[in-house]
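> after the sequence you'll find the predicted model.
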Amino acid sequence: PTGEAAAIFAQAGGGAVLGGAIGQVIDALLRPLGYWAQRTAQNRLPDLGQVMTFWLRGDIKDEDLPFFITSHGFPKEMADDFRDLAQLRLDPANWITAFRRKYEDFSKIEADLKDQGWSEDRIEALKFVTLYYPGPTEVMTWAAREVFEPKLREKFQLDKFMPPQFKEWAEKAGITGEVADNYWAAHWALPSIGQVIELWRRKIWDKETVDDFWTELDMVPWVREDLFKLFRAVPTRVDVRRFWDMRTIDETRLRDIYQAMGYWEEDLEDYVLWTKVYVAFPDLMARWSKGWISLDDVRKELTALGMKPERLEEFIQMKVKSTEPERVESERNLTKTDIYKGVKAEAQKKKWRLPKREERTTDNRTWQEIMDGRGTPDRRHR
């Protein structure tokens, strides 16, 4: 008897409240009896889902599986069907990856999608939608690299040297056909602007080739012509001084060249002034030394150019000797010959014997070496 039955009896005897109370009492008394009966009989079985989980984990052996199948009312011949049903199938993402990478045992899993309810049409659609397609940024890169310009693509040899292994591996990632070709055409490293400039300067490239290559470098159109003007080298500062020295350029051109080097405002004025003074000073001093102009003329012209008078005088002093009095006869410098003659005369007066020029003295030096200050005294002859 259960609590519900007791409640019916209680209702018949005295109402709903009394019946409910009696039912709870009887249920509490009889439930342990039910537990004892279950422990004694042990006649309950796991459901089929639990059975197959036990089987997958090895807790139920193959030979015991038919017993549980038939206990749930299924014929034992369906044991293999339940075994197959318990095996997991690849999800679409992993299935398509195995397909792209040409898994060697693909035939064993080929039916996995069909087993999950995929029709042939949907499987073909899955193969198509999982092909790799470039994003907008990559497409723009292709366009910049002239991938979509057949003539330039051929001119720049963008399809050259593609190894067969490239397409083989690209296909495993879903990159096939034209997409793979475009990736290869756009992958090349490009020369720097400096190298492009050098190619043009050496006449390896003409202006037209440079114009075509701007797109390869992804250069913004509006600056291309101005940038091409930088291809021309600017004369060096040494060359500029030579130009000015020979007056093959005027001051306007002199300033233009210095500005092209990046010197402006005060720096420009300093360079122009320095160039004029630096070139003029040696020329003026050379003209003065030849008697064409006076030192006053030198001073006037350099001062007019902007050289400070005090520094000008220092430069002149470095080039012109100061006036010195002529030496008198008694102050003239003695030569080695004079010294030798004097010693010889004194020796003859006092009857000394002078050694011959080739005769060696006690320190192993000849007389001539001693007079010339040459030779090293030999310690053995001291």
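Ah, there it is. Numbers count the residues shown, from 1 in each chain.
> what about residue 167, neighbour count?
Using other C-beta atoms under 10 Å, residue 167 has 16 other residues around it. Quick note: C-beta positions are derived from backbone N, CA and C, even for glycine.
> what about the helices in the stretch 51-200 of the chain?
65-71, 79-86, 92-100, 112-115, 120-129, 136-144, 150-155, 164-172, 177-185, 193-201 (DSSP state H, counting those that start in this stretch).
> so how far is the last one off the chain centroid?
Just to be clear, that refers to helix 193-201. Distance, stretch centre to chain centre, for helix 193-201: 21 Å (C-alpha atoms, centre = their mean, to the nearest Å).
> returning to that earlier point: let me have the helices of the stretch 51-200 of the chain in a markdown table, extended by distance to residue 227.
Formatted as a markdown table, the helices of the stretch 51-200 of the chain follow (distance: least, C-beta to C-beta, whole Å):
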| stretch | distance to residue 227 |
| --- | --- |
| helix 65-71 | 80 |
| helix 79-86 | 70 |
| helix 92-100 | 45 |
| helix 112-115 | 56 |
| helix 120-129 | 44 |
| helix 136-144 | 16 |
| helix 150-155 | 20 |
| helix 164-172 | 35 |
| helix 177-185 | 25 |
| helix 193-201 | 8 |
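> confidence score at residue 42?
The per-residue pLDDT reported for residue 42 equals 62.
> got the contact list for stretch 49-61?
45, 46, 62, 65, 68, 69, 72, 82, 83, 85, 86 (C-beta atoms under 8 Å, 6 or more residues apart in numbering).
> try it again at 7 Å.
46, 65, 68, 82, 86 (C-beta atoms under 7 Å, 6 or more residues apart in numbering).
> and if you look at stretch 230-239?
With C-beta under 7 Å, 6+ apart, stretch 230-239 has contacts from 197, 200, 201, 257, 260, 261.
> hmm, try it at 8 Å
197, 200, 201, 210, 243, 257, 260, 261, 271.
> and the pLDDT at the second one?
We have a pLDDT of 93 for residue 200.
> so what does the helix or strand residue 256 falls within touch, helix or strand wise?
Assessed by DSSP states H and E, residue 256 sits inside helix 251-260. For helix 251-260, the elements it packs on are helix 237-246, helix 265-289, judged by 3 or more C-beta pairs under 8 Å, 6 or more residues apart in numbering; DSSP states H and E.
> can you redo those as TSV with mean pLDDT?
As requested, the helices and strands packed on helix 251-260 are exported to TSV (pLDDT from 0 to 100):
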stretch	mean pLDDT
helix 237-246	94
helix 265-289	94
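> how about TSV for those helices, with mean neighbour count and distance to residue 214 added?
Shown next, in TSV, are the helices and strands packed on helix 251-260 (neighbours: other C-beta atoms under 10 Å; distance: least, C-beta to C-beta, whole Å):
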stretch	mean neighbour count	distance to residue 214
helix 237-246	15	30
helix 265-289	15	32
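> nearest to residue 191, out of those helices?
Smallest distance to residue 191 across the helices and strands packed on helix 251-260 (C-beta to C-beta): 27.9 Å, for helix 237-246.
> how much space between the spatially most central residue of the chain and residue 195?
The centre of the chain sits closest to residue 189, judged by C-alpha atoms, centre = their mean, with a distance of 12.0 Å. Distance, residue 189 to residue 195, by C-beta to C-beta, to the nearest Å: 11 Å.
> excluding covalently adjacent residues, which one is nearest to residue 68?
Leaving aside its chain neighbours, residue 68 sits nearest to residue 51 (4.6 Å; criterion: C-beta to C-beta, 6 or more residues apart in numbering).
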